[in-house]
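K.L.:
Sequence isn't available, so here's the structure alone:
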């Protein structure tokens, strides 16, 4: 037995030794490209070198891939070709159909190729094909932080070709990636970074061609080499995607319905200026067919950040957000005067709203980006939004009035990014917003520096930002951050300081919850990467933080956060988190009053979450939270439970529920005394959210998706108080009529057919609860089910749309001619 143990250790040492060797492959140029049919029987493949001997990354780093994998790569002046033979027992290959970019935590095997075309060890492209021939693609950046199993920004969608076939001893994937979907330096002889991945679902095994050590910080820096690509002369990279959209919308407004025929047309253009730089433009875009936002009843002083679902703003925008100053929802957002129009109609029964757009029309937008042979990246973004107007009618005089709710605006971003040796870089970013007339203008400039040592063990990172606002009351501010830490190995640590001046404001094109803050944070963590008797991996971390108000300089809070994470041998995972605020906290933002704190007593938070084995037909997510501030008898508790059931390889449903209740929650009551003093209140705050989503895949490029969400929030006030200069409570009389009962309902359904590469037909249906509709609870208990039931008795908006997009490649048009 001891001899066997020594042999296993010796073999592992050999594996780790091989891990240290960077693999390379000589690039082979072909004159006769292979046919993409998933068979690998073309003569061209005989000239390509075989890449094999994959090494596990998970669950057993350093071990050999459990199944043989061979890969061949060719290139010509039009594209890169990848052929992979993934040996396996055909009966064990998982083949669930998924949506594009949706392979994670589903029952499917897949193969992926990665290219670092600039060979800068930081940026790259990913192209992934599942055993059901569903594609995923992503852009890789040094600042990307995503979910487990994801390596880059999947919102980027390229046009490329793939085919798969099942064989008696495994499955084959064949890929063609045209240069319209890649960018690279203009050089006669090039060396690229190359990585290959194979994932087998039945044992959750991830293996790479060039080993990827989970103890080493970074991913692209662990690629192998694809060398000696010679004299690539790509054709003109020019494509057009014209589209037309039509539909019908009916929305409840006031006591009637606003009915609209929807019609729009435009075009997306992609032009490769050269091999390195690309210009993307969208003309008169229409963003109607996007998933509805997760609207909540926001009682906090901080803005709710919504997910970006518009394709132009999710594809290829990673360079523009490297400094975290680009919140793309600012472009085409709700007009600033939208709610003012609603308030005027509520205040005067004689005013009828004829038109009040809820989003700002985008005239056009462009993105210019790329990187040259010296690894210098450039990004330029520009968008112009139209002036928006509401129309109201006086019912007594029948006179109509046109009111501007948003001025003409121009949004700009400039990014200059120099990749240095290893993972180091320096980046300059400038964002500015120019509005028509006397409306507010804004500018933010930023410098980001990251320096990694030669061994990629330690890193020093720093940022400097300066913002300037022009308008009726101009002001400026700054933000600076410095962080040093150990970023690789089992033990990691960091120290960080952050300063945000009182008037630092990036919110015209970015998003910041609150400025006027100084914080210091330290973090130490330990992670075990090699499986043990009970765990595949586990980690522990501890992070104390000290926070001050910047101006006037004053103590805010001290807290400590500890967490533990385990993945068990059965692929269940559990995370435990504790946050403790041992003393009084001075919150300087809750009162919405400059320099005035609201004091909160010691607070203790305990949270647990986890999930079961996602390979099973039934996949369960669970979580719970308990928090208490004994001084104020404040208790916060919550439970979340989600379940996904896979009926077949084509159909799955997911139900997620989240319920929270906070007793004696203390917060701003959205009222003030006659002298302007803020009023706060203790309240019982309950919310419940349920989301039902599903997908049915008719084929690998034809699917129906459904998402229904209902959110309920009930707020009952218990008492009201004034606040003294130190943030402590003073008694005041109770105020009636401040309780809230808030409901949101949305239904989104889309039938999507990718009928040819880059071309798509989408049928959409949306349903939503009218904005002015409210559930009235006059009798009985005010429960979630009662609110859900009565929601369907209220007026809803409905929208039916059809969208047709057709991809035109200039080179294909020229060949046909």
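P.N.:
In hand now; what should we look at? All of these numbers come straight from a predicted model, not from anything done at the bench. Numbering: from 1, shown residues only.

K.L.:
who touches stretch 110-117?
P.N.:
69, 71, 73, 80, 82, 84, 86, 103, 122-131, 136, 140, 151, 173, 175, 182-185, 190, 192-199, 220, 223, 226 (Cβ atoms under 8 Å, 6 or more residues apart in numbering). (C-beta placed from N, C-alpha, C; glycine too.)

K.L.:
try 7 Å
P.N.:
The contact list for stretch 110-117 (Cβ atoms under 7 Å, 6 or more residues apart in numbering) reads 82, 84, 86, 103, 123-131, 140, 173, 175, 182-184, 192-199, 220, 223.

K.L.:
can you give me the offset of that stretch from its chain's centre?
P.N.:
What separates the centre of stretch 110-117 from the centre of its chain is 21 Å, taken as Cα atoms, centre = their mean, to the nearest Å.

K.L.:
For it, list every residue counted as buried.
P.N.:
By 16 or more other Cβ atoms under 10 Å, the buried positions in stretch 110-117 come out as 110, 111, 112, 113, 114, 115, 116, 117.

K.L.:
Tell me the one among those residues nearest to residue 574.
P.N.:
Nearest to residue 574, judged by Cβ to Cβ, of the buried residues of stretch 110-117 is residue 110 at 26.5 Å.

K.L.:
follow-up on the earlier one: which members of the buried residues of stretch 110-117 occur in strands, if any?
P.N.:
110, 111, 112, 113, 114, 115, 116 (DSSP state E).

K.L.:
quick check, nearest of those to residue 254?
P.N.:
residue 110 (51.6 Å).

K.L.:
Identify the residue nearest that closest one in space, chain neighbours excluded?
P.N.:
Nearest non-adjacent residue to residue 110, counting by Cβ to Cβ, 6 or more residues apart in numbering: residue 130, 4.4 Å away.

K.L.:
dump the residue contacts of that neighbour.
P.N.:
By Cβ under 7 Å, 6+ apart, the residues touching residue 130 are 98, 103, 108, 109, 110.

K.L.:
ok, now residue 465?
P.N.:
Taking Cβ under 7 Å, 6+ apart, we find residue 465 in contact with 444, 446, 478, 479, 506.

K.L.:
one more time with 10 Å, if that's ok
P.N.:
323-325, 429, 444-448, 477-481, 500-501, 504, 506, 510, 512 (Cβ atoms under 10 Å, 6 or more residues apart in numbering).

K.L.:
So what's the model's average confidence on stretch 178-197?
P.N.:
Averaging pLDDT along stretch 178-197 yields 92.

K.L.:
That stretch: how far from the chain's middle?
P.N.:
26 Å.

K.L.:
What score does residue 289 have for pLDDT?
P.N.:
The score at residue 289 is 64. That number is its pLDDT.

K.L.:
cool, residue 9 as well?
P.N.:
Reported pLDDT at residue 9 in the predicted model: 41.

K.L.:
again, but for the one 5 residues further on
P.N.:
pLDDT for residue 14: 44.

K.L.:
show me where this protein has helices.
P.N.:
Counting by DSSP state H, the chain has helices at residues 2-19, 311-314, 338-347, 784-791, 810-816.

K.L.:
residue nearest the centroid of this structure?
P.N.:
Residue closest to the average C-alpha location in the chain (Cα atoms, centre = their mean): residue 307, at 6.7 Å.

K.L.:
got the phi/psi numbers for that residue?
P.N.:
Backbone torsions of residue 307, given as degrees, to the nearest 10, read phi -70, psi 140.

K.L.:
Hmm, it is touching residue 295, no?
P.N.:
No - contact criterion Cβ atoms under 10 Å: residue 307 and residue 295 do not qualify, at 12.0 Å.

K.L.:
now, the most widely separated pair of the buried residues of stretch 110-117?
P.N.:
110 and 117 (21.8 Å).

K.L.:
hang on, the earlier thing: any chance of the ones in strands among the buried residues of stretch 110-117 in CSV, plus pLDDT?
P.N.:
Shown next, in CSV, are those (pLDDT from 0 to 100):
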residue, pLDDT
110, 97
111, 98
112, 97
113, 98
114, 97
115, 97
116, 96
